[in-house]
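Asker: Predicted model, plus sequence, below.
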Amino acid sequence: MTQPLVTILDDEPDVRRILTEALEDAGFRTQSFSRAREFEAALNRVTPDVCLVDLSLPDTDGLALVHRLALEQGAAVIIISGRAQVQDRVTGLELGADDYITKPFDPAEVVARIRARLRSPRGQTAHSDVAEFNDWIAHFDRYVLEDGTGTETPFSHAEGEVLRLFLESPKRLISRAQMQESLGGAAGDSFDRAMDVRISRLRTKLGEDPKNPRLIKTIYGAGYIFVGDVEWR
């Protein structure tokens, strides 16, 4: 089996070296880049499983790049940055990042976070990559939602993980603890905030009324229920 490919985008040579050594020792394949221009050109030739992206890049806005990656690539996107402010974390997650790691970091933690992101939700292999529900079709192989008119709306890898979890357990309560166990990541305010962001973005893409959503219902103090009828094919 081909090992997962992790791309590293950081303009600091020591950071690239440390990450490359830690990831390759853990069995991952890696490619590293110092400039966003080189990185984006490489995406025309390779399909990474995980993208590690620094925000302080010399040739582009790191947050804008994260947003494009989340919309256009199937890879998980993990920000590694010296920006430790809460607002930077929140913005990164809102733009579609799967995780946010601050510098300085422990290479072992980065490896653990990547493994958590790549871990498949329970039961994922039981279904195909296409699900139909309430006049929508979710294409997990292409990361797009298709409505009844054929119009397609892209979703990120992170949003796809949450959507698949809902679609695999329709009309069942899914607690925060179950989400954390299935999707990986450290429990706590950071995880809860990430889930809130992803669910909000999914509701928007599904045309949901945020005050009275039809499909993804919040059960306050308990979790969420997806109330649609789902057929996998």
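Answerer: Perfect, thanks for sending it.

Asker: Could you look up the SS state of the residue nearest the centre of the chain?
Answerer: The centre of the chain sits closest to Ala158, judged by Cα atoms, centre = their mean, with a distance of 2.4 Å. Assigned with DSSP: H, G, I helix; E, B strand; the rest coil, Ala158 falls in the helix class.

Asker: how much space between it and Asp129?
Answerer: Plainly put, Ala158 is 17 Å away from Asp129 if you go by Cβ to Cβ, to the nearest Å. (Glycine included, C-beta is placed from N, CA and C.)

Asker: mind listing what's buried in stretch 163-181?
Answerer: Buried residues in stretch 163-181, counted by 16 or more other Cβ atoms under 10 Å: Leu163, Arg164, Leu165, Phe166, Leu167, Glu168, Ser169, Ile174, Gln178, Met179, Gln180.

Asker: can you redo those residues as TSV with distance to Tyr224?
Answerer: Compiled in TSV, the buried residues of stretch 163-181 are given as follows (distance: Cβ to Cβ, whole Å):
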residue	distance to Tyr224
Leu163	12
Arg164	14
Leu165	9
Phe166	7
Leu167	12
Glu168	13
Ser169	10
Ile174	5
Gln178	10
Met179	8
Gln180	13
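
Asker: pLDDT score for the residue of the chain most remote from its centre?
Answerer: Farthest-out residue of the chain from its mean C-alpha position, per Cα atoms, centre = their mean: Thr149, at 26.8 Å. The per-residue pLDDT reported for Thr149 equals 95.

Asker: isn't there a helix covering it?
Answerer: No - using three-state DSSP, the secondary structure at Thr149 is coil, not a helix.

Asker: and Phe96, how many neighbours?
Answerer: If you look again at residue 96, you'll see it is Gly, not Phe. 23 (other Cβ atoms under 10 Å).

Asker: Next up, the contacts around Asp192.
Answerer: Shown in contact with Asp192 (Cβ atoms under 8 Å, 6 or more residues apart in numbering): Arg176.

Asker: let's have the chain start at 863 instead
Answerer: All right, first residue 863 from here; so that's Asp1054.

Asker: which is the next helix or strand following the helix or strand harbouring it?
Answerer: Element membership for Asp1054, per DSSP states H and E: helix 1051-1067. Moving toward the C-terminus from helix 1051-1067, the next helix or strand (DSSP H and E) is strand 1078-1081.

Asker: Show me the domain layout of the protein.
Answerer: The chain breaks down into these domains under automatic domain parsing: 867-980, 986-1094.

Asker: Pick the most buried one from those.
Answerer: When you average the neighbours per residue for each of these (mean count of other Cβ atoms under 10 Å), domain 867-980 leads with a mean of 18.

Asker: First-to-last residue distance for it?
Answerer: Criterion Cα to Cα, to the nearest Å; first-to-last residue distance in domain 867-980 is 11 Å.

Asker: again with stretch 1071-1086
Answerer: 16 Å.

Asker: Need the contact partners of that stretch.
Answerer: If you take Cβ under 8 Å, 6+ apart as the criterion, stretch 1071-1086 is touched by 995-996, 1028, 1035-1038, 1040-1041, 1061-1062, 1064-1066, 1068, 1070, 1087-1090.

Asker: mean confidence score for it?
Answerer: On average, stretch 1071-1086 scores 91.

Asker: any idea how far Val1024 is from Asp1091?
Answerer: 19 Å.
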